[in-house]
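[1] Build me a model from this:
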Amino acid sequence: MRVFFSSVALAVALTACGGGASNSAQQTACDTPKGCVRADRVSGTCQCQEWQVVSAEPVPLKFVVVGLIYSALGNQSWLAMGDNRLLGVTSGSGSSPASSSDFGTRWRSVIQTASGSQTVSTLGPSDLDPQHSEWPFTAVTADSAAFALTSSGGMGMDTYSDVDVNSHEFDQFVLWVNPAAVVITNYVGEKTVSWSWTSQCYEPDGCPGSWISFFRAGELDGTLSPLPAPKQALLATLDADDRAAILKYDPFFEPGRDPATIATDPRFRNLGTTTFGPNVITTPPPPLTWTPCSGTLKDDGFQTLAETDVPFGAGETLMLQHSVLSTTASCAPQQPGLSVGTTTPNCWITADILVDTLFGSLLMIPTSVGPSCSAGP
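    Numbering: from 1, shown residues only. Okay, the predicted model is just below:
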């Protein structure tokens, strides 16, 4: 396992220096208080710049849910996310539409002790820059980071369906399958989390960096099979609780969720409505545009939209709390892509177009489906 971290605390802690202040203008030395590795004078005040590390505990993290792609409506329809401007006609039906948007997820780490107290952790050093991974992991704020599944140069994610109305068993989860996290605690109790990856990713030759794998919802709940050997090996490591933790990121599999409430959930935003029929491929009226935030993202007021909890250490829990996706603190307008159509005679569909702000993906909610439209299992 590759894990890299240092003892540098990201938050500068103030402390009084021992020995009293000198009256000499030439006095620049600063006594280091107990537990302090390095102290300096800042604006005349002695401050600890680096506290001793007292523990570094690895977290047995099997996966992080970093994306969700919903099934499209219409057997000639496409949903596209990311920098999809250079993609053209591919196998299947129609053509993948242009898009320019983020796709991935952003989360922060909260440490809960055995007694129930919680501490928001800052981000420690990581080994997940683009030189080590195709999938960039970037700090967005002091507390949150984004795992981006799209990048510049014409890379994007898209999906289409062979039938007009498919089961949500075919929704695709994107899992980061070889994450490594270490919780670092310093002398004054401040906590940081450093992220890396392991070479074990269930591929025959291992993995040279962070690795993702796609799982349909039905593969996780056992209704769809069989699977390729590497995916089957990974799936075998996930117990019933792990699979349920993944599935609940999809609102159609969230226990107790009424699908009728999705449209009013703050996680989703309505981008408009589309109506389409047979043998006409069309793009809904522009703009399919949304902006993750107004102004700049801040750690204060972090809105938790989904969460995964992982026990570690002596009764502690690492809580991965996901919020609105943005790969930078300065939120930029997002333009996912959508083209709609069907070849089924007499099939007409009307649907609301929603964006899942947790992942940046599009979701079509049907409000009217003609009886002639084809349906999946």
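[2] Ala314 contacts Ala114, correct?
    Yes: using Cβ atoms under 8 Å, Ala314 is in contact with Ala114, at 6.8 Å. For the C-beta atoms, the positions are set from N, CA and C on the backbone; glycine is no exception.
[3] Neighbour count: the two, which is higher?
    Ala114 (11 against 8; other Cβ atoms under 10 Å).
[4] The residue positioned nearest the centre of the chain bridge partners, please.
    In the chain, the C-alpha nearest the mean C-alpha coordinate belongs to Thr105, at 2.0 Å (Cα atoms, centre = their mean). In this entry, Thr105 is beta-bridged to Phe147, by DSSP bridges.
[5] cool, and Thr350?
    In this entry, Thr350 is beta-bridged to Thr275, Ser368, by DSSP bridges.
[6] Could you tell me the model confidence score at it?
    Per-residue confidence (pLDDT) for Thr350: 95.
[7] likewise the one 3 residues further on?
    pLDDT, Ile353: 94.
[8] go on, Asp239?
    Asp239 is given a pLDDT of 95.
[9] and Arg243, what are its phi and psi?
    For Arg243, the backbone dihedrals are phi -70, psi -40 (criterion: degrees, to the nearest 10).
[10] count of residues packed around it?
    18.
[11] Look up the closest residue to it, ignoring the ones flanking it.
    Leu220 (4.8 Å; Cβ to Cβ, 6 or more residues apart in numbering).
[12] For the one you found, what are phi and psi?
    Per degrees, to the nearest 10, the backbone of Leu220 is at phi -80, psi -40.
[13] Would you mind measuring from it to Ala245?
    Applying Cβ to Cβ, to the nearest Å, the value for Leu220 to Ala245 is 10 Å.
[14] How about Gly67?
    Separation of Gly67 from Ala245 (Cβ to Cβ): 15 Å.
[15] Looking at these two, which one has more neighbours?
    Gly67 (28 against 19).
[16] now the helices for the stretch 151-300 of the chain?
    Residue ranges of the helices in the stretch 151-300 of the chain, as given by DSSP state H, counting those that start in this stretch, are 217-221, 229-236, 240-247.
[17] What's the local residue count around Glu190?
    As a burial measure, Glu190 scores 16 neighbours (other Cβ under 10 Å).
[18] Just the buried positions in stretch 253-261, please.
    253-254 (16 or more other Cβ atoms under 10 Å).
[19] coming back round to it: the residue nearest to the centre of the chain touches Ala146, doesn't it?
    Yes: here Thr105 reaches Ala146: they are 6.9 Å apart, a contact under Cβ under 8 Å.
[20] Need the residues touching each of the two.
    Leu325 (Cβ atoms under 8 Å, 6 or more residues apart in numbering).
[21] Return the distance of the residue nearest to the centre of the chain relative to Pro255.
    Separation of Thr105 from Pro255 (Cβ to Cβ): 21 Å.
[22] do the same with Leu238
    The value you get for Leu238 to Pro255, if Cβ to Cβ is used, is 17 Å.
[23] And for Ala329?
    From Ala329 to Pro255 the distance is 34 Å (Cβ to Cβ).
[24] between the host helix or strand of Pro311 and helix 240-247, what angle do the directions make?
    Using DSSP states H and E, Pro311 sits within strand 306-312. Note on geometry: by axes from the mean of the first three to the mean of the last three Cα atoms, to 10 degrees, strand 306-312 and helix 240-247 are set 150 degrees apart in direction.
[25] Show me what strand 306-312 is packed up against.
    If contacts are counted by 3 or more Cβ pairs under 8 Å, 6 or more residues apart in numbering; DSSP states H and E, strand 306-312 sits against strand 53-59, strand 64-69, strand 316-323.
[26] partners of the shortest one in the sheet?
    The partner list of strand 64-69 in its sheet, established with DSSP bridges, is strand 172-176 (antiparallel).
[27] got a list of contacts for the partner strand?
    63-69, 135, 147, 149, 159, 210-217, 220, 246, 249-250.
[28] how does it look with 7 Å?
    63-69, 147, 149, 159, 210, 212-217, 246, 249 (Cβ atoms under 7 Å, 6 or more residues apart in numbering).
[29] ok, now stretch 234-246?
    So stretch 234-246 is in contact with 62, 65, 173, 175, 177, 202, 213, 220-221, 227, 308, going by Cβ under 7 Å, 6+ apart.
[30] Just the closest of the residues you listed to Pro292, please.
    For the contacts of stretch 234-246, the closest approach to Pro292 (Cβ to Cβ) belongs to Val65, at 18.3 Å.
[31] If you drop the residues flanking it in sequence, what lies closest to that closest one?
    Using Cβ to Cβ, 6+ apart, the closest residue to Val65 is Tyr249 (5.0 Å).
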